[in-house]
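[1] my questions are about this predicted structure, shown below with the sequence.
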Amino acid sequence: MKEKATYCRMNPHGVFVNGRQKVSFNEIAVEDALTEMYRNLALEYPKFYKMDLLSKVAFLGVELLKTVDPSLVSTQNDDQIGLLFANSEGSTHTDMRFQESYLVDLLPSPSLFVYTLPNIALGEIAIRNKWHGAHMFAVFPNFVPVYYADHGKIMLEEGAKVVIGGWLDVREKLDALFFVMDEGLVNNRENILHFVSKCYSN
Amino acid sequence: MSLPVYIGAESIISSLGRNAAVNFKRICQGLSGITLHKQLGWKESDVYLSRIPELPERGKFLHLLNAVLDDLHQGWDADMLSSPDTQVIISSTKGGISDDLKNPFHPAVTALVARYSLVNRPLILSNACISGVIAINLAARMIRNELCRHVIVLGCDLISDFILYGFQSLYAVSDLPCKPFDQDRRGVTLGDGCGRVILSRDKSTFSSKPMVYLGGSDANDANHISGPSRTGEGLVRAVEKALIASNVNPDQIGFINAHGTGTLYNDEMEAIAFHRLGLDSIPLNSLKGYWGHTLGAAGVIETATCLQSLRNGILPASLGYENPGTTKPLHILKDNRPFDGEIILKTASGFGGGNAALLIQKE
């Protein structure tokens, strides 16, 4: 097991990596803060600007994990990083904007429509990192630690070296969590459940 | 050796009928449920669709999920539905979006829990067009890892203004019934669909003979969110991993039920991938010519049709296919043919760059 498990929490107050606040949202709108974060990370990945909010949050969450967890960068085999994501709202934030494009603007927007699926955020992460591994997006009424404990373990047993767990609500308020699971962490069920719950409650 | 997992008790609701046997019969008769709907598209355009008749104005999603659970007893021990050993997985991209844009899934799930006294809350999977295949793979993994003994996989999606205008805005909708893999293919035809398959450790829970689920996998193209890979990379990887997981050699595969949406790029990508995999001489079809692209239901109702092929010993023709239309030729079925093979490969590919594959075998 790694000495220190890695996680990134985003809530209406700000962005926290391994418990330490990186960004405060107190005086700035979330979308603007995310753009500033992107600039500060000096990523030079202009596709970021085209993404919807769900994908921007997921993209930055994983980029922040990479800054503190070398296993995500050094894992050699591009099949061996799994993505295990969920949220409570699917792609509703963009669904509403797409509906507006045909009901209000009277022109259905193809650039919005392509983001009206929650797994597109996983596609954006895969493209950015050239990760071809297993990926799954589930929708629950609320955050479910057991989902990550059970399915993270299965993904790792089926060949992933590392699994990134993600929770990704953005519509009413930013409520996101990203964390890194490896074999050591998931082998003890109590351990992983405790870890995931603790990260989320931060 | 991992636990054997059985798959069966399939059900299909589509424009062609309300159970798996009727759907398979009509497919074998070469019937299509795709019809022209006047002024239903964007700006009152005429559009070809495959619609399930006689659905209620509201609550279609829940209505169909109820329908495929109500006839559960026809293929399976229905008493097991409310067992703590049973998990329901629902594969859907947009659920009941026509009823409530802001809450397309949870109301229906809550209603199912109450109606059928489900112990475990159904799991919703939303992975675009590969959702159904991923849901079946997930079901088997949950059983093999002893998270549960039985998984009921439901797939359901419905045509809505939202979906239709979206596909039209991408210029992805065919102006004729879709023609997967054909040289004149011009895009997708959308369809309503709902289906069910059951995976279980216990053969005795099935009332008609189940087949064996061998294995499955998924992989991402890591290339583009809405366009398929030009090299078929993700599909190649998904099939390769599925073959390893199933301990099957490519020459053991008797038939491939491909995704085959009827768009230029998707079908071309699949042809390249199957060519790279050395599977280009294996008989192959797409079922989209019969009931269109049913999105989150597709992987479920098409796997259900593969189960029917194993039961009935018939491979249906790939409806709409006439002339080769991909740079790498495939062995696409122009006519029904008898099937005495044992192993079928089912694949799916979709938005977000996802690809998934699974293998089933006749018991």
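    Great, that's in hand. No experiment lies behind these values; they were computed from the predicted model shown. Residues are numbered from 1 along each chain as shown, chains lettered A, B, ... in the order given.

[2] ok, so what distance separates the most far-flung residue of chain B relative to its centre from chain A?
    Going by C-alpha atoms, centre = their mean, the residue of chain B most distant from its centre is residue B:43, 30.1 Å out. Residue B:43 is 9 Å from chain A, where distance means C-beta to the nearest C-beta, to the nearest Å. C-beta coordinates here come from the backbone N, C-alpha and C atoms, glycine included.

[3] please export the C-alpha coordinates of stretch B:43-56 as PDB.
    Coordinates of each C-alpha in stretch B:43-56 appear next as PDB, following Å, rounded to 0.1, in the frame of the first residue of the first chain:
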ATOM      1  CA  LYS B  43     -38.400  21.700 -38.200                       C
ATOM      2  CA  GLU B  44     -41.100  19.200 -38.900                       C
ATOM      3  CA  SER B  45     -38.900  17.100 -41.100                       C
ATOM      4  CA  ASP B  46     -40.000  13.600 -42.000                       C
ATOM      5  CA  VAL B  47     -37.900  11.000 -40.300                       C
ATOM      6  CA  TYR B  48     -37.500   7.200 -40.300                       C
ATOM      7  CA  LEU B  49     -37.800   5.800 -36.700                       C
ATOM      8  CA  SER B  50     -38.500   2.400 -35.100                       C
ATOM      9  CA  ARG B  51     -41.200   3.100 -32.500                       C
ATOM     10  CA  ILE B  52     -42.800   0.800 -30.000                       C
ATOM     11  CA  PRO B  53     -46.600   1.200 -30.500                       C
ATOM     12  CA  GLU B  54     -49.200   1.900 -27.800                       C
ATOM     13  CA  LEU B  55     -46.900   3.400 -25.200                       C
ATOM     14  CA  PRO B  56     -48.400   5.800 -22.600                       C
END
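
[4] pick out the residue closest to the middle of chain A.
    Closest-to-mean residue, chain A, C-alpha atoms, centre = their mean: residue A:58 / 3.4 Å.

[5] just the CA trace of stretch B:317-331, in CSV.
    Written as CSV, here are the backbone C-alpha positions of stretch B:317-331 (Å, rounded to 0.1, in the frame of the first residue of the first chain):
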residue,chain,number,x,y,z
ALA,B,317,-29.4,-11.6,-42.3
SER,B,318,-27.9,-8.1,-41.8
LEU,B,319,-31.0,-6.2,-43.0
GLY,B,320,-30.3,-3.2,-45.3
TYR,B,321,-26.9,-4.6,-46.4
GLU,B,322,-26.6,-5.1,-50.1
ASN,B,323,-23.1,-4.1,-51.3
PRO,B,324,-19.7,-3.9,-49.6
GLY,B,325,-19.1,-0.4,-48.3
THR,B,326,-16.0,-0.6,-46.1
THR,B,327,-12.4,-0.4,-47.2
LYS,B,328,-11.8,-3.8,-45.4
PRO,B,329,-14.3,-6.4,-46.5
LEU,B,330,-16.3,-8.3,-43.9
HIS,B,331,-18.4,-11.5,-44.2
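
[6] buried residues of that stretch, list them for me.
    Under the neighbour-count criterion of 16 or more other C-beta atoms under 10 Å in any protein chain shown, stretch B:317-331 has B:317, B:318, B:319, B:320, B:321, B:325, B:326, B:330 buried.

[7] re earlier: can you pull the contacts of the residue nearest to the centre of chain A?
    Residue A:58 is in contact with A:85, A:121, A:122, A:124, A:125, A:166, A:168, A:176, A:178, counting by C-beta atoms under 8 Å, 6 or more residues apart in numbering or on different chains.

[8] how about the helices in the chain?
    Looking at chain A here, since you left the chain open. Shown for chain A, the helices assigned by DSSP state H span residues A:30-40, A:53-68, A:70-74, A:92-103, A:110-113, A:120-129, A:145-157, A:183-187, A:189-201.

[9] correction: the question concerned chain B.
    B:20-28, B:60-70, B:106-116, B:131-144, B:161-169, B:233-246, B:264-276, B:288-291, B:298-312.

[10] residues in contact with the closest residue to residue B:122 other than its chain neighbours?
    Spatial nearest neighbour of residue B:122, chain neighbours left out: residue B:88 (3.9 Å); criterion: C-beta to C-beta, 6 or more residues apart in numbering or on different chains. Applying C-beta under 8 Å, 6+ apart, we find residue B:88 in contact with B:112, B:118, B:120, B:122, B:123, B:151, B:152, B:153, B:154.

[11] what about the first one, how many residues nearby?
    By that I understand residue B:112. Neighbours of residue B:112 under the rule other C-beta atoms under 10 Å in any protein chain shown: 19.

[12] give me the pLDDT value at it.
    Looking at residue B:112, its pLDDT stands at 98.

[13] ok, for residue B:347, nearest residue in space, not its chain neighbours?
    Nearest residue to residue B:347, sequence neighbours excluded (C-beta to C-beta, 6+ apart): residue B:357, at 4.7 Å.

[14] now the farthest one out in chain A, which residue is it?
    residue A:106 (32.3 Å).
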